[in-house]
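Enquirer: Structure for the following, please:
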Amino acid sequence: MDGDIDGNPALSDPRLDGVDHDVVTHGPVSSLEEAALARGVTPAAIVKTMVVRLSDDEYVFVLVPGDRVIDWGKLRSELGVNRISLPDEAAAKGVTGYARGTITPFGSTADLRVYADSRLASGRISIGGGAKGVSISIDGNVALEILDAVVADVTKPAQPIEPGGRGEERR
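Expert: Predicted structure coming up:
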């Protein structure tokens, strides 16, 4: 569904009806900084929507500012569980209806509980719009309210990726 707006379930989510938001489309990007530039926001205003598995049949969305990663200890504590994990790509798509990189709570095939980092509650944010190169620009407080999100401190600063390194997140 790359860049597709017509028939996109995220953009026809009834929770967006009557709510001030803009749909932003752009071409391919290869970094957080490029995505922020294309969307006209800071990297911290980009929202990464993560699907987290609590058990074989229980999942939640976790909304993470672009410049941060999940703090697994804080999230486990907030959820009141000892063990959580990220599902594989097929499981995430099966639960949400979206391929990795396009996942959003808007228009998801499953009505999952949403947990959002508290830093997203102020200012305008840019959350995925259900397709590559499509995003929804919306006030953070409004988004968290219409998603009925549990707002908590569940992230930590991202560690810079070192040249030749393996990424920035550890569970």
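Enquirer: ok, which stretches of the protein are strands?
Expert: For the chain, applying DSSP state E gives strands covering 21-25, 46-55, 58-65, 68-70, 113-117, 124-128, 134-139, 150-152, 155-157.
Enquirer: For the closest residue to residue 109 other than its chain neighbours, give its distance to residue 60.
Expert: For residue 109, ignoring the flanking residues on the chain, the nearest one in space by Cβ to Cβ, 6 or more residues apart in numbering is residue 97 at 3.7 Å. C-betas here are computed from N, CA, C, even on glycine. Using Cβ to Cβ, to the nearest Å, we find residue 97 at a distance of 16 Å from residue 60.
Enquirer: Likewise for residue 146?
Expert: Counting by Cβ to Cβ, the gap from residue 146 to residue 60 is 17 Å.
Enquirer: Give me the phi and psi angles of the residue nearest to residue 109.
Expert: Main-chain torsions, residue 97, degrees, to the nearest 10: phi 90, psi 0.
Enquirer: where does this protein dip in pLDDT?
Expert: For the chain, the stretches flagged by pLDDT under 70 are 1-6, 161-171.
Enquirer: Okay, helices next: where are they in it?
Expert: Along the chain, counting by DSSP state H, helices occupy 32-39, 72-79, 89-96, 140-146.
Enquirer: what separates the first one from the chain centre, distance-wise?
Expert: Which is helix 32-39. 15 Å (Cα atoms, centre = their mean, to the nearest Å).
Enquirer: same check, this time on stretch 98-109
Expert: Counting by Cα atoms, centre = their mean, stretch 98-109 comes out at 8 Å from the chain centroid.
Enquirer: List the buried residues for that stretch?
Expert: 98-99, 102-108 (16 or more other Cβ atoms under 10 Å).
Enquirer: Can you tell me who the residue positioned nearest the centre of the chain pairs with across the strands?
Expert: For the chain, the residue nearest the mean C-alpha position is residue 49 (1.6 Å; Cα atoms, centre = their mean). For residue 49, the beta-bridge partners are residue 63 (DSSP bridges).
Enquirer: That one touches residue 106, doesn't it?
Expert: No: contact criterion Cβ atoms under 8 Å: residue 49 and residue 106 do not qualify, at 9.1 Å.
Enquirer: who touches both of the two?
Expert: Here residue 49 and residue 106 share the contacting residues residue 127, scored by Cβ atoms under 8 Å, 6 or more residues apart in numbering.
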